[in-house]
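In: Got a predicted model here, sequence first, then my questions.
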Amino acid sequence: MARPATRTRDLVSVSVDGRGAAWCDGFWSGDAEIIEDARLAATYRAAVPINGLKFEAHGEDALGALIALHAHLPGRTIVVESTPEFGALLAERAASDAPETWSAA
């Protein structure tokens, strides 16, 4: 089956120490340890550190799922595929000096 010319669903993916994981339209796939930590972070809306800032994880949309995928090893997570909102969220929060946990929702 050929790959669609345009994206049809939200997809985010990460690489952690050579292992990969992804979230697409509500479904998690990839390395079992990364997915387990991401699901737990999303379920409990954990505060996940990214670039020295804390963000609230959830599994309701691609942005919250990408934050949850960072829960396994936040400092060693490489974003492979992301939503445009992720970069904007990081830039916005970095410009602010409020110390609380930021919600992506």
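Out: Yes, it's here.
In: Now do the contacts for L66.
Out: V12, V14, W23, V79, S82, T83, F86 (CB atoms under 8 Å, 6 or more residues apart in numbering). To be clear about C-beta, it is placed using only N, CA and C from the backbone, and glycine gets the same treatment.
In: In what element of secondary structure is F55 found?
Out: Using DSSP states H and E, the element containing F55 is strand 53-56.
In: H72 versus V48, what's the distance?
Out: V48 sits at a distance of 10 Å from H72 (criterion: CB to CB, to the nearest Å).
In: related to what we said a few turns ago, show me what the strand holding F55 is packed up against.
Out: The helices and strands touching strand 53-56, judged by 3 or more CB pairs under 8 Å, 6 or more residues apart in numbering; DSSP states H and E, are strand 47-50, helix 62-69, helix 84-95, strand 102-103.
In: tilt between the second one and helix 84-95?
Out: It refers to helix 62-69. 70 degrees (axes from the mean of the first three to the mean of the last three CA atoms, to 10 degrees).
In: what's the neighbour count on the residue nearest to S29 when sequence neighbours are not counted?
Out: Leaving aside its chain neighbours, S29 sits nearest to A22 (5.4 Å; criterion: CB to CB, 6 or more residues apart in numbering). When neighbours are defined as other CB atoms under 10 Å, A22 has 21 of them.
In: Surely A22 and G30 touch.
Out: Yes. Counting by CB atoms under 8 Å, G30 is a contact partner of A22 at 5.4 Å.
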